[in-house]
Every structure is written in structure tokens, then in C-alpha cells.
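S.K.: model this:
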Amino acid sequence: MTSSTAQPTVKLPGDVRMPLLGFGTWQAHGESAHRAVSAALDAGYRLIDTATAYGNEDLVGRAVADSSVPREEIFITTKLPAERVGREQRTIDESRRMLGVDQLDLWLIHWPPHRGSLVDTWRRMIEIRDAGQTRTIGVSNYSLAQIDELIAETGEAPAVNQIKWGPRLYDKAEVQGHHKRGVVLEGYSPFKTTRLNDPVLTGIAEAHGVSAAQVVVRWHIQHGIVVIPKSLTPARIRTNGDVFGFDLSDEEMANIDGLGH
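M.R.: Residues are numbered from 1 along each chain as shown. The predicted model follows:
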């Protein structure tokens, strides 16, 4: 993990740098989606996560185009729906058009397709990346066994696996398994999976003068796990991303880890 202008990043294959703090856009629609992404960029977020299935790529693209932040400073992720297996090229063409970009930064397979398509889909993702249409490729909601199958058949691991993650889902073996395979772990639904009124979190938050949500975001970042909190409220968007003014101690990190089942 390195830092660039106070934004910590993690290195992906091809010397691509992915911000550890991102903004999620699931269930963001209409003008509220455009406003939320605009607020996130204004607040300093530099990773924006969307998906074909979210139906908001055009709104994300408009917010990126309207922003004063240069395109090269924004890391854009979108996802291929499992039901579009066999239509990978058409799907990424639509995503790039809707987002208003020539090249994605990261393209994920949203969910594992049916078993017979697992490796074939990954091969097509590799071909599309090698053609320059996305800088990096990865998966979402994959098990380590499924990742191993991709590696065994193609010799290439996904750059990222985006899964549901938070303190109550913490599993040291899962973290180590991704690290061993050279796959960056990215967590979604950090608050939905967490009891924010847990005394461990509220006690740490009070000690640092921050919210429990900020503690959860900071915990991800200090573990080197990409985190993509989401909100439609500008004030909350700013607060959730304001996590670089404090550090969690080793003891605090261990106590939060201990919330995992």
C-alpha cells in the first residue's frame, strides 16, 4: 500500500494503482445518483464503482464529465452481469459508451456464471483487456476455489475480487488466501454487514472523535482492503470519506477483527 496525495492506493497488475477508498453506487438512480457521484468526487473520492446491472452508468459518466477532477485521476469500475456471458464485447462497448470513456480502469464479472462458462468467460475478459478496452480485470462474489480454477486454466489470477465484507464478516484465512494468490480484496456493503452501534466500534469512535462508520472505513483501509461505502446524502458522503486524519492502533484493529464470526 502506498500513498499518493494522501489517497492510499494498492498496486494491481500492469502497474495500475487502485484507490483503497471508493464510492459505491448500487441503488443510486436518477438525478440523486448524479448528485451523489458529484458530491463524492468533490469530497475527494477517486474510485467510483458501478455496474451494468445498476442501470446508472450514464449518470456516473455524466458526473465524471461534469467534474473538475481530470479523468486520469478517477478510477472507474463497472461489471459484466453473469447473464451476459457470451456478449462480453457488446456489454463493455455499451458500458464505455454510457460512461463516456474509451477505457475502463477495472472490469469485473459481477457474479460467477454457470459452471461451464466460468473459465471461458475469464478468457474473453483477458482478451478484451489485452485489446486495451480496460486496464485491469477481476471478479466479484467468487470463492477462492473458483479463483483457483481460473488460475489453473489460464495462468492468470483476477486483479480484484469484490465481495461482501465488514468487521462481522472478517475472516483472517480469507484475507490471507487472497493475498497468497495476488488478488486484491475489495469489500462492498461495509455498513450493511456491520452493527454500527456495537460497543467495540462506538468506543473506538469516541476515542478518536469520529463516527463508527468512519472507524469501519478506516479499518478496511488499514487492512489494505478496498472499501466502497455508499450514500445519497452529501454530508454523509463527506464524513464517510474523511478517514485520513486518524489511525487505528494495533489493539483497536485486533478488537475490530474480533467481531468476525
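S.K.: where does the stretch 51-200 of the chain dip in pLDDT?
M.R.: 115 (pLDDT under 70).
S.K.: what about the strands in it?
M.R.: For the stretch 51-200 of the chain, the strands defined by DSSP state E, counting those that start in this stretch cover 75-80, 104-109, 134-140, 160-164, 184-188.
S.K.: highest mean neighbour count across these, which stretch is it?
M.R.: Neighbour counts averaged per stretch over the strands of the stretch 51-200 of the chain are highest for strand 75-80, at a mean of 27; criterion: mean count of other CB atoms under 10 Å. For every residue, glycine as well, the C-beta is placed using N, CA and C.
S.K.: gap between it and the chain center?
M.R.: From the chain centre to the centre of strand 75-80 is a distance of 9 Å (CA atoms, centre = their mean, to the nearest Å).
S.K.: okay, angle between that strand and strand 184-188 too, please.
M.R.: Strand 75-80 runs at 80 degrees relative to strand 184-188, counting by axes from the mean of the first three to the mean of the last three CA atoms, to 10 degrees.
S.K.: okay, the angle between strand 75-80 and strand 160-164?
M.R.: Using the same axes, to 10 degrees, the direction of strand 75-80 lies 70 degrees away from that of strand 160-164.
S.K.: mind giving me the packing neighbours of strand 75-80?
M.R.: Applying 3 or more CB pairs under 8 Å, 6 or more residues apart in numbering; DSSP states H and E, one finds that strand 75-80 makes contact with strand 16-19, strand 47-49, helix 57-66, helix 88-99, strand 104-109.
S.K.: for that strand, which strands pair with it and how are they oriented?
M.R.: Paired strands of strand 75-80, with direction, are strand 47-49 (parallel), strand 104-109 (parallel) (DSSP bridges).
S.K.: can you redo those as a markdown table with distance to residue 157?
M.R.: Listed next are the strands paired with strand 75-80 as a markdown table, based on distance: least, CB to CB, whole Å:
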| stretch | distance to residue 157 |
| --- | --- |
| strand 47-49 | 20 |
| strand 104-109 | 13 |
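S.K.: so which of those strands comes closest to residue 198?
M.R.: Of all these, it is strand 47-49 that lies closest to residue 198, at 25.6 Å by CB to CB.
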